[in-house]
Each structure stands twice: as C-alpha cells, then as structure tokens.
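J.: how would this look folded up:
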Amino acid sequence: SDNAAAGSNRRAIIAVIMIAIVLVGAWAIKGAGEPAGALGEYAAGAEGDIWALEASSVSMSDIAAANVPAVIDFGSDSCAPCKAMAPVLEENRSAQGSAIVKFVDVWKHPNAANGLPVQVIPTQLLVMPGGAPYVPSASLSDEFGLEFSRYDDESGNHAYTTHQGALTQEQMDAILADMGV
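T.: You can find the predicted model right below:
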C-alpha cells in the first residue's frame, strides 16, 4: 500500500514536471520566432542618427535643425495598436531625407517623452520644417476622420500638435502630403 502511494506520488510529480517543461518549451519557441521588437530589423542607424527609425530619445532642436517635416511616434513594441502601426512606420522610411519618421518605445525608454504631450500610446508628434508645430488642414479631419490635439505653451503660443492612436498608411500619406512631403 505504501509502495502504491509512493508510486502514485512519483507519477504525479513527473506529470507536473512534464507539464512545466512543455509550457516552458512552448513559451521559448513562441518568443524565438518574434523579432526583438515590433520594428525588429528595421531599427537601422546609430543612436543619435536623426534619420534612424528607432530612437531612445528625441532632440527637438536636432529635428528643427534638419529643416524637414517630422512624425515622431511614441509607442511600444508590446502595445497592439503600436504593432499595427509598425508597418506604416517601416513603409515611410522611404521618406527619410524629405521627412523624419521616428519610433520611440516609451516603455523601454520611459523618459523619452518627458516634457512632450504624450498621454497615451501610440501618439504621433507632428513637426514642420524648422520645428514649428504642424497645423493640419481641415480636409484631413473631413476626408480621413483624423483628429489632432493642439497644445499651447504657458504664453498661449501653439507649441505641439499630436495625433493619438494608430495611423493607417493612407492617413500617414495624407499627413505627410499635407506637411509638404
């Protein structure tokens, strides 16, 4: 009877260990097939490169000095709407040179949005050449259903324009065209 109970306990322990091994193996296999981030291989460029797609921080003075329109997406590799927007950002890498398109993972770099009006992710900060805030044409709201937020500084001057939520390729193309790209 004691041998039967001991055998039953061993089988239960082995079963628990086998289940744990299967779960760990499945978790490892799932993670191995995914890129390091939502933008994975597209994160080319050295840190500080104004034209690199991914960045750990944003220098508004460097963006202004580049003197081209900029779309800076604040998001995360782990947020579903951000992942949905990753291909749009990747597609618009081709605009590099005539526009800056950046992605900043605010979960990996929590201080990257300090001082900027980023309340939810994804949020795109939209900047005109020379660093002026983007002023969207009314047709973007009418035609594409886009809503923008205007943020003023302490003096009441327009300081930032943002869009909250993921953008489709068509919406991104429309914004860049409206910015003169």
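
J.: how about the spatially closest residue to residue 107 that is not a sequence neighbour, what does it touch?
T.: Excluding the flanking residues, the one nearest residue 107 by CB to CB, 6 or more residues apart in numbering is residue 76, at 4.3 Å. All C-beta atoms are positioned from the backbone trio N, CA, C, and that covers glycine. Taking CB atoms under 8 Å, 6 or more residues apart in numbering, we find residue 76 in contact with 82, 105, 106, 107, 108, 121.

J.: what's around residue 95, how many residues?
T.: A count of nearby residues for residue 95, using other CB atoms under 10 Å, gives 18.

J.: give me the phi and psi for the residue nearest to residue 107.
T.: Backbone geometry at residue 76, expressed as degrees, to the nearest 10, gives phi -160, psi 150.

J.: drop anything exposed from the contacts of residue 76.
T.: Buried by 16 or more other CB atoms under 10 Å: 82, 105, 106, 121, out of the contacts of residue 76.

J.: if we can go back for a sec, mind checking which of the contacts of residue 76 are in helices?
T.: The members of those that map onto helices under DSSP state H are residue 82.

J.: okay if I get the contacts of residue 76 as TSV plus distance to residue 115?
T.: Listed next are the contacts of residue 76 as TSV, based on distance: CB to CB, whole Å:
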residue	distance to residue 115
82	21
105	18
106	13
107	18
108	18
121	16
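
J.: and residue 109, backbone torsions?
T.: In terms of degrees, to the nearest 10, the main-chain angles of residue 109 are phi -130, psi 70.

J.: pretty sure it contacts residue 58?
T.: No - counting by CB atoms under 8 Å, residue 109 does not reach residue 58; the two are 9.6 Å apart.

J.: of the two, give the one with the bigger neighbour count.
T.: Higher neighbour count among residue 109 and residue 58: residue 58, with 22 against 16, using other CB under 10 Å.

J.: excluding its backbone neighbours, what's nearest that one?
T.: The spatial neighbour of residue 58 that comes closest, neighbours along the chain excluded (CB to CB, 6+ apart), is residue 72 at 5.6 Å.

J.: part of a strand, is that neighbour?
T.: Yes - under DSSP: H, G, I helix; E, B strand; the rest coil, residue 72 sits within a strand.

J.: residues in contact with residue 98?
T.: 68, 69, 181.

J.: what residues does stretch 156-173 touch?
T.: Contacts for stretch 156-173 (CB under 8 Å, 6+ apart): 71, 81-82, 84-85, 87-88, 91-92, 116-120, 122-127, 133-136, 144, 146-153, 175.
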